[in-house]
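Asks: coords please:
(chains A, B, C and D)
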There are 2 protein chains.
Amino acid sequence: MVKITDVARHAGVSPSTVSYALSGKRPISEETRQRVAESIRRLGYRPHAGARALASSRSNVLALVVPLRAGIHVPVVMQFAVSVVTAARLHDHDVLLLTQEEGEEGLRRVADTALVDALIVMDVQLHDPRLPLLRALDRPSVLIGFPAAADGLTCIDLDFKAAGELCVERLAGLGHRVVALVGSPPEVYVRGTAFAQRVVQGFTAAADRSGLASSVHPCEASPAAARRVAEQLLREQPALTGVVVHNEPVLEPLIDAFGQLGLRVPADLSVTAICPDELAESLRVPVTSVAIPSAEVGARAVELLMNQLNGKPASEATLLTPRMTERASTAPRTLNA
Amino acid sequence: MVKITDVARHAGVSPSTVSYALSGKRPISEETRQRVAESIRRLGYRPHAGARALASSRSNVLALVVPLRAGIHVPVVMQFAVSVVTAARLHDHDVLLLTQEEGEEGLRRVADTALVDALIVMDVQLHDPRLPLLRALDRPSVLIGFPAAADGLTCIDLDFKAAGELCVERLAGLGHRVVALVGSPPEVYVRGTAFAQRVVQGFTAAADRSGLASSVHPCEASPAAARRVAEQLLREQPALTGVVVHNEPVLEPLIDAFGQLGLRVPADLSVTAICPDELAESLRVPVTSVAIPSAEVGARAVELLMNQLNGKPASEATLLTPRMTERASTAPRTLNA
DNA sequence: TTCCCCCGTCGAAGCGCTTCGACGTCACGC
DNA sequence: GCGTGACGTCGAAGCGCTTCGACGGGGGAA
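Replies: Sure thing, here's the model as predicted:
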């Protein structure tokens, strides 16, 4: 293994000079820098990560905790993970993958052993048991999602409340008067997953504000459940002309089910969704949707951590403004009349 | 930060004794071990990962390279990643997540900096450009999937050829005489993804052996493409009664498309698939399928690495025997006659 | 009884890097 | 002309851990 002393000897400088040439933490003359760079290239030198971590107390690794629970949409998680890795690499950091299964002990372990410099935690619950730990840890962390009390914690997420509102307002703007929200599976609400609840809040608030009749329906992630919800909606709200869907796997089956029940989208029924753009675009009837910007959230989360690692003050809350893309699933109600 | 010398002092032993008590690499009396354990508990000691890595030249971290390409089914990747993390933890290792985007340089980096002890590489191509590098690297690696020449490399995967055969044989056993394979998107074959090609081989070989008329159809991962393939199949092979699907996102749309074209599954058409069990089970018509055992592959991959890290000889090839689960999508051809 | 060897423990020497203080040199301002 | 800094570099001191050789004591073999 070629080490820093080998490079130093080869370049005719001291090891510390090589180190400074590499880190830029002290001025090094252009000529020396060149010579060092050349020696590094020639010898194929790679600094030893462990030695570096020990000496600098920086591992240049971030922990990413991914959820495994029922009811979360896997591709979104994956896309998010990838964007975190990509963003981290831009800052010369790597990403350690932890599963939620590891729990608080896992977080404590990677933090206390100095395996990682900072943590990103996904799928935050309203009253997440990990919050006290994250506050107490001596390393910065970013939560994806907002718990009930976010004080002292850095959080980021799509503004799901605004997303819910946006979906309703769009329908209201098209003249729809009776709307329903088809939401995530019941267990997601039961365990207090913040983003799901926020969508409900936004949906309800906006419906009330606009004077719409509205209802909320959690829905299992299966075609059969979608079918049941569709039937139930027609039964209970015969005047229904607008549906907001916040449940990726159910979006397509639900539209199918409405179709089989004689309701065409968008002729008889307008649908808006909160889901990744790729999903919304790929359906038979492309769906007007609020995007879940996983890539942006991931990148921003990394930026927030980097700021903290570089001693900048931690901004507490970052809510990303939802953006809606008009597609083929929405139409003015006048057409249905 | 509490360090090993603190523990040693508190327990009235030397640091090396603490180290040996922890690692078990030398005999330590039960009494001393107890005392050390108690001190560790009391002081909340956690060994510094970097220091450990430096001194022992073992980071206890594995690299996992995940694919990002088009045409791969994301949930399978995610499930695999999770199983790798879980298995790694059982061996006191963590997992560093790399994207394929990082390429060979990424592999070299984490290996040469001693950031990781070993690597797991997914989505191996038949002529993967990373193979020479992996052979040359001074740390062990396991490939998920088989390249054209696997010599000197440890590989593991489902036996996709056998899986393709199994699907055909099942259909043949039910009396079907004309079969088709609906495969992965064209780009997957173009770039020489081993498992996709192996399925085709198995499918064709088994069909020939059984004297079946057969055809192979790559298919984009969209409902529209599924529809087109369904129409094409009916046109070109009117006598078709058996279909093998190796393309997760297309499985459901394809069955739907056949339905709309007047072919009921399994009454008119028997379908077998190679896909995760969860997918096969969740469809309207649960599909007879060969499971993709991501969890098992992940766990086994980790075991293989651990063996190599512990100095045991590296087994070269591990092919997992495919297992088929009978579900509702297959029926004897006599029924259709 | 004597010799060996194994058990249990210690001390010291690193592992390869970063960082701190120090030092010489040079340019500048007064 | 000399103090003052900034610049560029060096040497040494660790960072916290593992591991190697050594050593005293006790038990079994001879």
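
Asks: which residues in the stretch 51-200 of chain A form strands?
Replies: For the stretch 51-200 of chain A, the strands defined by DSSP state E, counting those that start in this stretch occupy A:61-66, A:94-99, A:118-121, A:141-144, A:154-158, A:178-182.

Asks: around chain B, which positions in the stretch 151-300 of chain A sit nearby?
Replies: A:S222, A:P223, A:A224, A:S282, A:L283, A:R284 (Cβ under 8 Å from any Cβ of the partner chain). C-betas here are computed from N, CA, C, even on glycine.

Asks: which pair in those spans the largest distance?
Replies: Of all pairs drawn from these, the greatest distance, 21.7 Å, lies between A:A224 and A:S282 (Cβ to Cβ).

Asks: those two: which is more packed in?
Replies: A count of neighbours by other Cβ atoms under 10 Å in any protein chain shown puts A:S282 above the other of A:A224 and A:S282, at 16 against 12.

Asks: my read: the more buried one touches B:S222, true?
Replies: Yes. Counting by Cβ atoms under 8 Å, A:S282 does reach B:S222; the two are 6.1 Å apart.

Asks: outline the domain layout of chain A.
Replies: Structurally, chain A divides into domains by automatic domain parsing as follows: A:4-47, A:61-158+A:294-320, A:160-291+A:324-335.

Asks: residue nearest the middle of chain A, spatially speaking?
Replies: Chain A has A:S294 as the residue nearest its centroid, 4.5 Å off, counting by Cα atoms, centre = their mean.

Asks: and the pLDDT at it?
Replies: pLDDT, the model's per-residue confidence, is 91 for A:S294.

Asks: correct me, but it touches A:F80?
Replies: Yes. With contacts counted by Cβ under 8 Å, A:S294 reaches A:F80, the gap being 4.2 Å.

Asks: what is in contact with these two at once?
Replies: Taking Cβ atoms under 8 Å, 6 or more residues apart in numbering or on different chains as the contact rule, A:S294 and A:F80 touch no residue in common.

Asks: from B:L309, how far off is the residue nearest to the centre of chain A?
Replies: Using Cβ to Cβ, to the nearest Å, A:S294 is found at 34 Å from B:L309.

Asks: now the helices for chain A?
Replies: A:4-11, A:15-23, A:30-43, A:49-56, A:74-90, A:103-112, A:131-136, A:160-173, A:186-190, A:194-209, A:223-236, A:248-260, A:277-282, A:294-309 (DSSP state H).

Asks: now do the buried residues in stretch A:36-47.
Replies: A:V36, A:S39, A:I40, A:Y45, A:R46, A:P47 (16 or more other Cβ atoms under 10 Å in any protein chain shown).

Asks: likewise for stretch A:148-168?
Replies: Buried-residue list, stretch A:148-168, by 16+ other Cβ under 10 Å: A:150, A:153-168.

Asks: dump it to CSV, restricted to CA.
Replies: Taking Å, rounded to 0.1, in the frame of the first residue of the first chain, the C-alpha atoms of stretch A:148-168 are listed here in CSV:
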residue,chain,number,x,y,z
ALA,A,148,-45.3,17.0,15.6
ALA,A,149,-42.6,18.9,17.4
ALA,A,150,-39.7,19.7,15.2
ASP,A,151,-37.9,22.1,17.6
GLY,A,152,-34.2,21.6,17.6
LEU,A,153,-34.3,19.4,14.5
THR,A,154,-33.7,20.1,10.9
CYS,A,155,-36.6,18.9,8.7
ILE,A,156,-37.4,18.9,5.1
ASP,A,157,-40.2,17.7,3.0
LEU,A,158,-42.7,18.5,0.3
ASP,A,159,-45.4,20.7,1.8
PHE,A,160,-48.0,17.9,1.8
LYS,A,161,-50.6,20.1,3.3
ALA,A,162,-50.3,22.6,0.4
ALA,A,163,-50.2,19.6,-2.0
GLY,A,164,-53.6,18.5,-0.6
GLU,A,165,-54.9,22.0,-0.9
LEU,A,166,-53.6,22.3,-4.4
CYS,A,167,-55.4,19.2,-5.5
VAL,A,168,-58.7,20.4,-4.1
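
Asks: neighbours of the residue nearest to A:R177 when sequence neighbours are not counted, how many?
Replies: Spatially, and ignoring its direct neighbours in sequence, A:R177 is nearest to A:L212 (5.8 Å; Cβ to Cβ, 6 or more residues apart in numbering or on different chains). Neighbours of A:L212 under the rule other Cβ under 10 Å: 19.

Asks: for A:L212, what are its contacts?
Replies: Contacts of A:L212 (Cβ under 8 Å, 6+ apart): A:V168, A:L171, A:A172, A:H176, A:R177, A:V178, A:V179, A:G242.

Asks: which of those sits closest to DNA strand D?
Replies: Closest approach to DNA strand D among these (Cβ to the nearest atom of the strand): A:V168, at 54.8 Å.

Asks: go ahead and confirm that closest one touches A:F203.
Replies: Yes. Under the criterion of Cβ under 8 Å, A:V168 makes contact with A:F203 at 5.6 Å.

Asks: what sits in contact with each of these two?
Replies: A:S214, A:V244.

Asks: so which of the buried residues of stretch A:36-47 is the closest to DNA strand C?
Replies: The closest of these to DNA strand C turns out to be A:P47 (Cβ to the nearest atom of the strand; 3.9 Å).

Asks: and the closest one, what pLDDT?
Replies: Reading off the model, A:P47 has pLDDT 98.

Asks: give me the phi and psi angles of it.
Replies: phi -60, psi 140 (degrees, to the nearest 10).

Asks: need the contact list for it.
Replies: A:P47 touches A:I4, A:L22, B:T113, counting by Cβ under 8 Å, 6+ apart.
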